[in-house]
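Coordinates for the following, if possible.
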Amino acid sequence: MKDRTRKVFHLLSYYLTSKFQFTTYTMIQRRRKDTLIYKIFDFIAALLSWALFFLYRKHFVEGYQLNWSLLNDLNFYYGIVIIPTGWTLFYSLFDKYKDIYRLSRFSTLTRTFFLTFFGVFILFFTFILDDVVKDYRTYYTSFATLFLLHFSLTAFARMILLTRARKRLENGVVRFKTILIGGGQRSVNLYKEITERRENLGNQFLGFFDTGGEKPNELSTFLPRIGSIKDLAANIQKLEIEEVIVAIENSEQKRLKEIMGILFDFDDKVVIKIIPDMYDIMLGNVQMS
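Sure, this is the predicted structure:
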């Protein structure tokens, strides 16, 4: 009877572990796919804006009638391949393509506005300045038209995709594997604040790392204790942690340097967030969100 019970327990544990690993893999794949879709829509927006701008120039600047014969120009096809490719490379260098589930819609909209302005500025002086012009006002109208076309199409596509991503976060479809470093009242308050929010932030708390040694702490009531600080590096790799939240007490600030020294090696793989003390806030050294 005991052997049968043990066997059932092992099978159940294996099933739950396998299901968790599959779910995690599926979420990671979904996030990568959605980020790729985000890039593709940027490419399509750049292609459409350049195609419309090409037709605008042909009709309003060069005086051609709008008809299908305009599409026989090889420059049209060169443009809808080269220009969107250039925009994609431009965004890859100066924008954020890592994970759209980490992006803020307002910040993305602001960043898109300025990147579009500088991109169009470069594009204008590279490809358009030597084109046919009627008078100096043609430069201004051409610049404004290309800017408005590119910005409106790109921003529209991005806002739709980011709103969709935000809804998935709120519904718990996509989550970030997260750990807390702490164990005192500050970490408890933070955990409650995050988990009790009406809008889900997407954090999936796997446990916490205790900064106080083996002694009992408040956070163990809510989360399992994974280990102490010396176990941190090994478990970040083992558990494939994506976000670390440091919520240590004011009396433990001397340990912050040790913790950050460990997390420094994971800086490009793990998002690190720290609860600031009042001194940092008063000095303005904190980026609030």
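
Please, where are all the helices along the protein?
2-56, 74-94, 105-123, 137-170, 185-195, 232-239, 256-263, 278-283 (DSSP state H).

do you know which of these lies nearest residue 249?
helix 185-195 (5.7 Å; CB to CB). Quick note: C-beta positions are derived from backbone N, CA and C, even for glycine.

and the closest one, what other elements does it pack with?
In terms of contacts (3 or more CB pairs under 8 Å, 6 or more residues apart in numbering; DSSP states H and E), helix 185-195 is packed against strand 176-182, strand 203-210.

so of the ones you listed, which one's packed in deepest?
Most buried of those, by mean neighbour count (mean count of other CB atoms under 10 Å): strand 176-182, with a mean of 23.

Contacts made by that one with the rest, please.
24, 101, 187, 190-191, 202-211, 219, 223, 226, 229, 232, 235-236, 239-249, 259, 271 (CB atoms under 8 Å, 6 or more residues apart in numbering).

ok, now stretch 266-277?
By CB under 8 Å, 6+ apart, stretch 266-277 touches 102, 176, 186, 190, 233, 236, 241-248, 250, 253, 256, 260, 263, 285-286.

Just the buried ones from those, in PyMOL syntax?
The PyMOL command for the buried members of the contacts of stretch 266-277 (criterion: 16 or more other CB atoms under 10 Å) is given here:
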select buried, resi 102+176+186+190+236+241+242+243+244+245+246+247+248+263
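
Excluding covalently adjacent residues, which one is nearest to the spatially most central residue of the chain?
For the chain, the residue nearest the mean C-alpha position is residue 102 (3.0 Å; CA atoms, centre = their mean). Counting by CB to CB, 6 or more residues apart in numbering, residue 102 lies nearest to residue 271, which is 7.2 Å off, once chain neighbours are set aside.

number of nearby residues for the one you found?
Using other CB atoms under 10 Å, residue 271 is surrounded by 15 other residues.

for residue 231, same thing?
So residue 231, with other CB under 10 Å, has 13 neighbours.

OK, contacts around it?
residue 209 are the contacts of residue 231 under CB under 8 Å, 6+ apart.

Please repeat the previous calculation with a cut-off of 10 Å.
209, 210, 238 (CB atoms under 10 Å, 6 or more residues apart in numbering).

Of the residues you listed, which is the nearest to residue 114?
Nearest to residue 114 among those, with distances taken as CB to CB, is residue 209, at 39.4 Å.

I'd say that closest one and residue 234 touch.
No - at 11.1 Å, residue 209 does not count as touching residue 234 under the criterion of CB atoms under 10 Å.

what stretches of this structure score poorly on pLDDT?
Within the chain, the segments meeting pLDDT under 70 span 1-25, 27, 61-64, 69, 128-136, 212-216, 277-289.

domain ranges for it?
21-170, 176-283 (automatic domain parsing).

ok so, going back, show me the contacts for the residue nearest to the centre of the chain.
Contacts of residue 102 (CB under 10 Å, 6+ apart): 31, 35, 96, 165, 169, 176, 202, 242, 243, 271.

Next, count neighbours for the second one.
Spelled out, that is residue 35. For residue 35, using other CB under 10 Å, the count is 20.

Who are the contact partners of it?
Contacts of residue 35 by CB under 10 Å, 6+ apart are 96, 97, 98, 99, 100, 101, 102, 103, 161, 165.

possible to save the residues you listed as JSON lines with distance to residue 82?
Converted to JSON lines, the contacts of residue 35 look like this (distance: CB to CB, whole Å):
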{"residue": "96", "distance to residue 82": "24"}
{"residue": "97", "distance to residue 82": "20"}
{"residue": "98", "distance to residue 82": "26"}
{"residue": "99", "distance to residue 82": "28"}
{"residue": "100", "distance to residue 82": "26"}
{"residue": "101", "distance to residue 82": "31"}
{"residue": "102", "distance to residue 82": "30"}
{"residue": "103", "distance to residue 82": "27"}
{"residue": "161", "distance to residue 82": "25"}
{"residue": "165", "distance to residue 82": "30"}
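
Filter those residues down to the buried ones.
96, 99, 100, 101, 102, 103, 161, 165.

I figured the third one was touching residue 158, is that so?
The reference is to residue 100. Yes - in this structure residue 100 lies within contact range of residue 158 using CB under 10 Å: 8.6 Å.
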